[in-house]
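Engineer: heads up, no residue letters with this:
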RNA sequence: GGCCCCUUGGUCAAGUGGUCUAAGACAUCGCCCUUUCACGGCGAGAACAUGGGUUCAAAUCCCGUAGGGGUCACCA
């Protein structure tokens, strides 16, 4: 009862680190933090064809970036290592021998063709495809004979017949399965590598995992794993199957939904704290109206009992809102650091800005901060300073320049700007008032034409700030381009 | 197809039989602030998939139907 909570995240390094995986990792991490337990990270790489060390690095890097650290596991070690499944093969072997010796598992020599035919026949009858158990009762001599001949074989575990396999899932509640739909399944492949369902059980049991928190897609695997726990004589842990993250079309989130990997969000200039905050809220709700959570608040408040059963659509708008919130708390230097790579990529900033350029870029970022929800958006927001393609973006915008008073405003502003000793945000601001009084027009009719003339758009930061940042010459050029047309 | 899970506004979701003429947030729209644009503030529209039960009373419990998803591998 007072046993320490031990949870784990066990990704397979077979590709970019998916946002769904990140959420699973986060939930596990938060449960560990909340209960003062231990969080273990283990690598499931038994699929040797698809596993790569690059993706293992990716995953570890992404976890660290998100601030999801682990107490035991890969790279950090621990009492129950090794933490990479391909390094645990001898451990699995030991238990397989035991299972074999106890008659709880057996060799199967069926060919893939036979199996395929069997399966199709069952499917045709509308039944769940289940292995017939043909090899379960092969005479000992036959087995030895076949083995000596070197016949390809797998090892299957015996699954009880006519039993109900039940579990009390921490998020789904009571779930039950008919053991007849499980059948004697493979635990060791013909290449001698044990299969996932078998390794997880052994690893989780040997690593003393108390709570298995993972995505719902594993729910149907659970009865198999329960069969293994029983055969091995281990107590099963508590399970918590968290529903999937869906794309806007309510289908499981995949590449065609846009960015699905953690590194893509990192590269787009999202903040780790924001992503974590957003992911936590995807499926979990606090006991209050709170939306923004510090790490400590998350650790303190997170609980599996408030995790929803239904799948959640990944709403990028909400992520943007949360990220925007976190960006507001960045000081100018941090904001600049976040935005700089994007400006460089767009060709708006040099590889190594000198102090003069850096200071100017920093001011640009600061001026644009209310118009940027994540790093990459700085490019679009700051475009006006770097491109000559600033013609009015649409008809509504163009109409501003066609206003009766526009030419007079523009031309007065040009003259006033020329006459200024020094162009700063503070020295420019009074000019607008002067124009208003001089020409007797409303504010809107002075700000808007100037804004459109020099930026091409009707929105953006304070006009005086834009003018100061853009510099007298460029502003004058742009004004003239409109006036002298 | 078999098995399993899910179903409250466009989205995330609160809600565990009466306090629901159903909370909050994102998004949308409107107003205010601002002699420009945003930010911000205030407000509005917008939902219990469906049919039967049970009950004095159901978004909440039971059964069916529909829809969505997952899984049925010598992938993880």
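Structural biologist: Nice, I can see it. These figures come from a predicted structure and were not determined experimentally. Numbering: from 1, shown residues only, chains lettered A, B, ... in the order given.

Engineer: where do the strands sit along the stretch 101-250 of chain A?
Structural biologist: A:105-108, A:154-157, A:164-169, A:173-178, A:186-188, A:211-215, A:238-242, A:245-246 (DSSP state E, counting those that start in this stretch).

Engineer: show me what counts as buried in the third one.
Structural biologist: By neighbour count with 16 or more other CB atoms under 10 Å, strand A:164-169 contains the buried residues A:165, A:167, A:169. For glycine as for every other residue, the C-beta is placed from the backbone atoms N, C-alpha and C.

Engineer: next, the angle from it to strand A:211-215.
Structural biologist: 90 degrees (axes from the mean of the first three to the mean of the last three CA atoms, to 10 degrees).

Engineer: with distance to residue A:387 and mean pLDDT added, can I get the strands of the stretch 101-250 of chain A in a markdown table?
Structural biologist: A markdown table is the format used below for the strands of the stretch 101-250 of chain A (distance: least, CB to CB, whole Å; pLDDT from 0 to 100):
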| stretch | distance to residue A:387 | mean pLDDT |
| --- | --- | --- |
| strand A:105-108 | 67 | 94 |
| strand A:154-157 | 62 | 95 |
| strand A:164-169 | 55 | 92 |
| strand A:173-178 | 57 | 91 |
| strand A:186-188 | 60 | 95 |
| strand A:211-215 | 44 | 96 |
| strand A:238-242 | 45 | 95 |
| strand A:245-246 | 37 | 90 |
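
Engineer: need these in a markdown table (columns: distance to RNA strand B).
Structural biologist: Listed next are the strands of the stretch 101-250 of chain A as a markdown table, based on distance: least, CB to the nearest atom of the strand, whole Å:
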| stretch | distance to RNA strand B |
| --- | --- |
| strand A:105-108 | 8 |
| strand A:154-157 | 5 |
| strand A:164-169 | 8 |
| strand A:173-178 | 4 |
| strand A:186-188 | 4 |
| strand A:211-215 | 8 |
| strand A:238-242 | 7 |
| strand A:245-246 | 7 |
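
Engineer: out of those strands, nearest to residue A:422?
Structural biologist: For residue A:422, the closest of the strands of the stretch 101-250 of chain A is strand A:245-246, at 53.7 Å, according to CB to CB.

Engineer: so residue A:53 makes contact with residue A:14?
Structural biologist: No. With contact defined as CB atoms under 8 Å, residue A:53 does not count as touching residue A:14 (11.6 Å).

Engineer: more neighbours: which of these two?
Structural biologist: Using other CB atoms under 10 Å, the more surrounded residue of residue A:53 and residue A:14 is residue A:14, with 15 against 10.

Engineer: so that one versus RNA strand B, what's the distance?
Structural biologist: Distance of residue A:14 to RNA strand B, given as CB to the nearest atom of the strand, to the nearest Å: 7 Å.

Engineer: quick one: low-confidence parts of the stretch 51-200 of chain A?
Structural biologist: The model of the stretch 51-200 of chain A has no residue with pLDDT under 70.

Engineer: how near is the residue of chain A found nearest RNA strand B to residue A:227?
Structural biologist: Residue of chain A nearest RNA strand B, by CB to the nearest atom of the strand: residue A:443 (1.4 Å). Residue A:443 sits 75 Å away from residue A:227, taking CB to CB, to the nearest Å as the criterion.

Engineer: check residue A:468 too.
Structural biologist: For residue A:468 relative to residue A:227 (CB to CB), the value is 72 Å.

Engineer: same thing with residue A:442?
Structural biologist: From residue A:442 to residue A:227 the distance is 78 Å (CB to CB).

Engineer: and those two? Which one has more around it.
Structural biologist: Taking other CB under 10 Å, residue A:442 and residue A:227 do not tie; residue A:227 has more neighbours (25 against 11).

Engineer: got the contact list for the more buried one?
Structural biologist: Residue A:227 makes contacts with A:157, A:159, A:160, A:165, A:179, A:182, as judged by CB atoms under 8 Å, 6 or more residues apart in numbering.
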